[in-house]
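Colleague: sequence and predicted structure below; questions after.
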Amino acid sequence: MSDLPTWYFVGLAAVFGALVGSFLNVVIARLPKGLSIVHPRSRCPRCERPIAWHENIPVVSWLLLRGRCRGCKLPISIRYPLVELATSLLAVACVRNFGPTPWAVAAFVFLAALVALTYIDLDHWLLPRSMTVPFIAVGLGASLLPDGPGIASSALGAAVGFASFAALGFAAERILKKEALGGGDLWLFAMIGAFLGVKALLPVALFASAQGAAIGVVLLSRAKRKAARSAIPADAAEAVTALPPPKPTGDEELDAWVPPDGAVPFGPFLALGAAEYLFFGEKLVAWYLSVISFQG
């Protein structure tokens, strides 16, 4: 296989990644609702018309259909082709960075899981343990590959990742008198530690915290400006309260909780930090250490 040209593996990765992205769209839509991800076949979420195979070609079908269902003619969210395109590019990035190796496949599996978890968390503020826990086991297995972090670092990364976030959440809850970290974040951080090893935990946490804080400040500022511009009159407030509630997720505690305006879950930033470390972490850490040494 090493004699095959690079473009062959890149092209194969691009197609395979897009197909995985199409499957991830199903996972994102169905898993939080407790639905099967294999049955029934894909269908329009509005008119429930089954989607033919030629209408389900990643990215291409959405463009040919001009972003609308062939049955009900209602718009199809642009998220679907974006997820497919993102996973295609991630697959290519894995091949370009790690070569056509088993570790490239493992890295892509890890990133694909992060993509699904990111969108689920954005939609539902939920990181299902039905995904994170099995992928901890997958990460432990992948650590044995030649380019993996090694089983000792992987196992320690999973344990330290879970324990550190559990301790941080406990301390923050005592100080703030409310839950500061969701339980799903503990398992996601453990999953990241299993795939990337214990030495990745601190950089990933720093990347995630810095980017999360920056985005959080922007969103909070926008939410405050929006609230100031749209003061609702008393009669209009009655109409707003008469609107139907969001569709329940099946979790009573989750359904009863409403995120504040401008809030954003932390899971997507952990996923972003993990992806950044996977591709650039070693260089970023080495650069940072060199800067510290130079200043010292």
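Modeller: Here it is on my side, so go on.

Colleague: make sure residue 28 is actually in contact with residue 119.
Modeller: Yes - the criterion here is C-beta atoms under 8 Å, and residue 28 meets it with residue 119 at 4.6 Å. Just so you know, the C-beta spots here come from the backbone N, C-alpha and C atoms, and that holds for glycine as well.

Colleague: ok, the residue nearest the centre of the chain - contacts?
Modeller: Nearest to the geometric centre of the chain sits residue 118, at 2.2 Å (C-alpha atoms, centre = their mean). Neighbouring residues of residue 118 by C-beta atoms under 8 Å, 6 or more residues apart in numbering: 267, 268, 271, 272.

Colleague: the third one is in contact with residue 114, isn't it?
Modeller: Yes - taking C-beta under 8 Å as the contact criterion, residue 271 and residue 114 are neighbours in contact, 4.0 Å apart.

Colleague: and the nearest residue to residue 137 once chain neighbours are set aside, what element?
Modeller: Sequence neighbours aside, residue 194 is the residue nearest to residue 137 in space, at 7.9 Å (criterion: C-beta to C-beta, 6 or more residues apart in numbering). Element membership for residue 194 (DSSP states H and E) is helix 183-196.

Colleague: buried stuff in that helix?
Modeller: By neighbour count on 16 or more other C-beta atoms under 10 Å, the buried set for helix 183-196 is 184-196.

Colleague: which single one of the residues you listed is nearest to residue 140?
Modeller: Using C-beta to C-beta, residue 194 is the member of the buried residues of helix 183-196 that lies nearest residue 140, at 5.3 Å.

Colleague: how much space between that closest one and residue 212?
Modeller: 22 Å (C-beta to C-beta, to the nearest Å).

Colleague: which residue ranges make up each domain of this protein?
Modeller: Domain segmentation of the chain under automatic domain parsing yields 1-100, 126-226+259-286.

Colleague: what about the last one, start to end distance?
Modeller: Going back to what we said before, that points to domain 126-226+259-286. End-to-end distance for domain 126-226+259-286, by C-alpha to C-alpha, to the nearest Å: 34 Å.
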